[in-house]
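Whatever this is, show me its structure:
(one chain, ligands or ions: 1)
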Amino acid sequence: MKKFSTLEDFVGTHFIYTYDNGWEYELYVKNEHTIDYRIHGGMVAGRWVKNQEVSLVMLTEGIYKITWTEPTGTDVALDFLPNDEKMHGMIFFPKWVHEHPEITVCFQNDFIDLMHESREKYETYPKYLVPEFAKITYIGEAGKDNDEVVAQAPYKEMTDDIRAGKYYDANYKMMNK
Ligand SMILES: C=Cc1ccc(O)cc1
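Residues are numbered from 1 along each chain as shown. Now for the predicted structure:
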């Protein structure tokens, strides 16, 4: 398995992981300040997002932190230990996302106004906090700024297809467009 040592090792990497509460997520480190992600299981399964601006740092050799705040008002802090195939996520959901998760289940890039309207219309507090460790079940070297990694809505067998090598070709492009 690839050994992660530097920030460059992390940027361009594509991960699938399952939190201990059973929620399955997929995240692509697109470049030094951007991620794309898809949510396959849990409270907001079906949601997917491209070009989320993040803060990304290497804390120490092979250990990385990604943090951001979303248009929904959700804050997220993720710590990746890819050499141990582990990560830890802390999600700070506004009250409204916990009460109306279905509003956020979409390709968010097409619904930014709705996210902004909803975060004003509904309540923020008390926030719903989800701190969980996760097991990384897939690590792919997708390269930087690859727009084909997260380019389709999640479907039921998607993560199995990716893990089985049935989704991306040798150049990490989608096989079935
Ligand atoms: C709310 C977004 C989000 C994306 C990835 C992750 O691991 C946790 C939350």
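
pLDDT score for K177?
At K177, the model reports a pLDDT of 79.

ok, now M174?
So, for M174, pLDDT stands at 97.

Could you do I39 as well?
98.

Please shift the residue numbers so they start at 727 in all later answers.
Will do, 727 is the new start, and the previous item becomes I765.

That one bridge partners, please.
When bridges are assigned using DSSP bridges, the partners listed for I765 are Y751.

try I817
Beta-bridge pairing for I817 (DSSP bridges): V802, V856.

so how far is T830 from it?
Separation of I817 from T830 (CB to CB, to the nearest Å): 12 Å. Every C-beta, even on glycine, is put in place using the N, C-alpha and C of the backbone.

What about contact with the ligand: does stretch 736-745 have any residue there?
No - Stretch 736-745 stays clear of the ligand (CB under 6 Å from any ligand atom), getting no nearer than 7.1 Å.

Just confirm yes or no for the longest helix that the chain contains near the ligand.
What stands out as the longest helix in the chain, according to DSSP state H, is helix 838-847. No - applying CB under 6 Å from any ligand atom, one finds that helix 838-847 is not in contact with the ligand, the shortest distance being 11.7 Å.

So, low pLDDT: which residues of the chain?
Under the criterion pLDDT under 70, no range of the chain is flagged.

Just the buried positions in stretch 888-900, please.
Judged by neighbour count using 16 or more other CB atoms under 10 Å, the buried positions of stretch 888-900 are I888, Y893, Y894, Y898.

What is the burial count for the closest residue in space to E787 that isn't next to it in sequence?
In space, and not counting its chain neighbours, E787 is closest to S731: 5.4 Å by CB to CB, 6 or more residues apart in numbering. Here the neighbour count serves as a burial measure; for S731 (other CB atoms under 10 Å) it reads 12.

Now S731. Its backbone dihedrals?
Geometry field for S731 lists phi and psi as phi -130, psi -40, criterion degrees, to the nearest 10.
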